[in-house]
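# With the sequence up front, the predicted model follows.
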Amino acid sequence: MPIGTAEGNLVVGRPGRSVLDRTSVRITALLLLLTFAPIYESFRITAFTNGDIWWHLRTGLWILQNHAFPRDGLFSQYADRPWVASSWGFEALTAGAYKLLGLRALPVLLMGFKLALAAVTFLLARGWRGSFWCAILLSAIAQYVLVALQPLPILFSVLFFGVELLLLLQSRRCNDERLLFWLPMLFFLWANLHGQFLNGLLLLGLYLAAEFTEFLLHISGVSSFSARAHSLVKVSVIAGLSVVATLLTPYWFQLFPSAFQTAYSKVLFEHFQEMQALDFRRPQHFVLLLVVMAAFLALGRQRSRDLFKLGVMGIFVMLAFRVQRDVWCVVFPAIAVIADAVADWQHEPEPRKSSQGWKWERRLVAVLVLVVFLAAIIRIPSSKALMNQVSRVFPVKACDFIRANQLPGPLFNTYSWGGFLTWYLPEYPVAIDGRLNLYGDEINERYFKVTDGTQRLETDLDFTRARTILLERNSAMMKALTTLPVLRVQFRVVYQDDLATVLVRQ
């Protein structure tokens, strides 16, 4: 009860205000956690730096226009080769957003993914049920490690992997298999959105193996045996339904080899930095190492016998440290393990609010996040301004020149520009782009050897029959074509700017 004096109006103890202050701080912290990355994207606009988004967009537009699924090499000089569009769902979704918002759709999609990533990592870190501030810190660390995101189908794999892990862990904590009934639907969506659902199947396989092993090692009485056997049967049925759900795509069994080739092709490991092992030249790599070490330390301090956590950390740490692109496979389990350990070590857990208090706080945060997110979207420049930004990365002016002067085909192009050309210059089928499962290792290897100068130009059929060449101005191949006497007589420069050079065969 407040106590005061007539002269000084001294008030001792205001518990209601103290609780309100703590709630305000928590809401502010959570709002910043969820909206910082989307707001940053609205200022920086990094969604146009990867060339693969353009062929995804072009494919999605084709799907919406033709009401069919691609089965051959659209927009490529290899139109007769079979092709499985393993991320057709993402492409259709992106094309639909593009029809509504124009180029602004790409940063908006990326902002939405980053918001969802913040929410998933916060829940994995037990933000609502464990230590709130620990969850804020762990979620912020996870977002920092995964900072280099692009609006590509892999973002669905990142999010769905986190959701799957959240369901599996919560099911084990509560000893309730009902949460796992969401998995078949999750895998159905996943298989139609991105090919790295294979990582999700690996995670589910580890869960099933842990359940089966624990069933064999922890039998204590008939009732326990019966209950654990019944639980194992349900988990096995759900896992089987999840595998079946991945077959419910337009491509059926063809999806599996194509998805594996797209995700872990030999060419990727040889020519793409993102597929190399961690080189520890970026601060995110050191932060990731510390998080993984903290997770293993937490398991050791707990003397954990949780076979699922041990198996997930052991398997995915090897994958993540071998392939930079897949660090998310170990970031999510690591922060979940640390959060569980913190919850176990708390001698005085935070007082639980009433359910009404939690609902009020969550609703307020949801409203504030929506308001901030919409404000960030409004700030994104117009499609015309965004196109000017695109022209700093991709050969917009060179493509305009080719189209205006109707230069002859076929076209030979820079690899990283192939996806953009399918979108901006579809009347000229590309020699190469980012669809690894379309071209295969042989064509991709030949292209990289020719452009790197380790193989003679005439050995590449795409180059020998090309009549228009579009390359980066400062590339080694362009320098060879414009300086070597033997090649200079064969090609003539018809256009050049700070970014690109266009040549035609004499």
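Arrived safely, thanks for sending.
# I'd like the distance between the residue lying closest to residue 302 once chain neighbours are set aside and residue 299.
Using Cβ to Cβ, 6 or more residues apart in numbering and skipping the chain neighbours, the partner closest in space to residue 302 is residue 341 (5.8 Å). Using the backbone N, CA and C atoms, a C-beta is placed for each residue, glycine as well. Taking Cβ to Cβ, to the nearest Å as the measure, residue 341 falls 8 Å from residue 299.
# cool, and residue 29?
Noted for residue 29: a distance of 28 Å to residue 299, by Cβ to Cβ.
# okay, these two: which has more neighbours?
For residue 29 and residue 299, the more surrounded residue by other Cβ atoms under 10 Å is residue 299, and the numbers stand at 19 against 14.
# In the helix or strand harbouring the more buried one, which of the residues would be classed as buried?
For residue 299, the element it lies in under DSSP states H and E is helix 283-302. Using 16 or more other Cβ atoms under 10 Å as the test for burial, helix 283-302 gives 284, 285, 288, 291, 292, 294, 295, 296, 298, 299.
# does the closest residue to residue 130 other than its chain neighbours sit in a helix or strand, and which one?
Closest residue in space to residue 130, ignoring its immediate chain neighbours: residue 343 at 4.1 Å, by Cβ to Cβ, 6+ apart. Using DSSP H and E, residue 343 sits within helix 328-345.
# Just the residues contacting whichever helix or strand comes after that helix, thanks.
Using DSSP H and E, the helix or strand that follows helix 328-345 in sequence is helix 355-379. By Cβ atoms under 8 Å, 6 or more residues apart in numbering, the residues outside helix 355-379 that reach it are 23, 26-27, 30-31, 34-35, 38-39, 41-43, 104, 108, 111-112, 115, 128, 353.
# Averaged pLDDT, helix 355-379. What do you get?
Helix 355-379 shows an average pLDDT of 85 in the prediction.
# what's the burial count for residue 98?
Neighbour count of residue 98, defined by other Cβ under 10 Å: 20.
# residues contacting it?
By Cβ under 8 Å, 6+ apart, the neighbours of residue 98 are 57, 60, 61, 105, 106.
# Hmm, residue 164 is touching residue 185, no?
No: with contact defined as Cβ atoms under 8 Å, residue 164 does not count as touching residue 185 (11.3 Å).
# Just want to know which of these two has more residues nearby.
Neighbours were counted for residue 164 and for residue 185 using other Cβ under 10 Å; residue 164 has more, 25 against 12.
# tell me the SS of that one?
Classification of residue 164 by DSSP: H, G, I helix; E, B strand; the rest coil places it in helix.
# And the strands in the stretch 401-506 of the chain?
In the stretch 401-506 of the chain, the strands defined using DSSP state E, counting those that start in this stretch lie at 411-413, 468-472, 491-496, 500-505.
# for those strands, which one ends up most surrounded?
Among those, strand 411-413 has the highest mean neighbour count (mean count of other Cβ atoms under 10 Å), at a mean of 25.
# for it, packing partners?
Counting contacts by 3 or more Cβ pairs under 8 Å, 6 or more residues apart in numbering; DSSP states H and E, strand 411-413 is packed against strand 468-472.
# where are the low-confidence patches of the stretch 101-250 of the chain?
Of all residues in the stretch 101-250 of the chain, those with pLDDT under 70 make up the ranges 219-225.
# so which helix or strand takes in the closest residue to residue 38 other than its chain neighbours?
Excluding its sequence neighbours, the residue lying closest to residue 38 (Cβ to Cβ, 6+ apart) is residue 111, at 3.9 Å. Under the criterion of DSSP H and E, residue 111 resides in helix 105-124.
# Taking helix 355-379 as reference, get the angle to that helix.
Helix 105-124 runs at 160 degrees relative to helix 355-379, counting by axes from the mean of the first three to the mean of the last three Cα atoms, to 10 degrees.
# Now the element after helix 105-124, going C-ward?
Downstream of helix 105-124, the first helix or strand assigned by DSSP H and E is helix 132-145.
# Can you mark which positions in that next one are buried?
For helix 132-145, by 16+ other Cβ under 10 Å, it's 132, 134, 135, 136, 137, 138, 139, 140, 141, 142, 143, 145.
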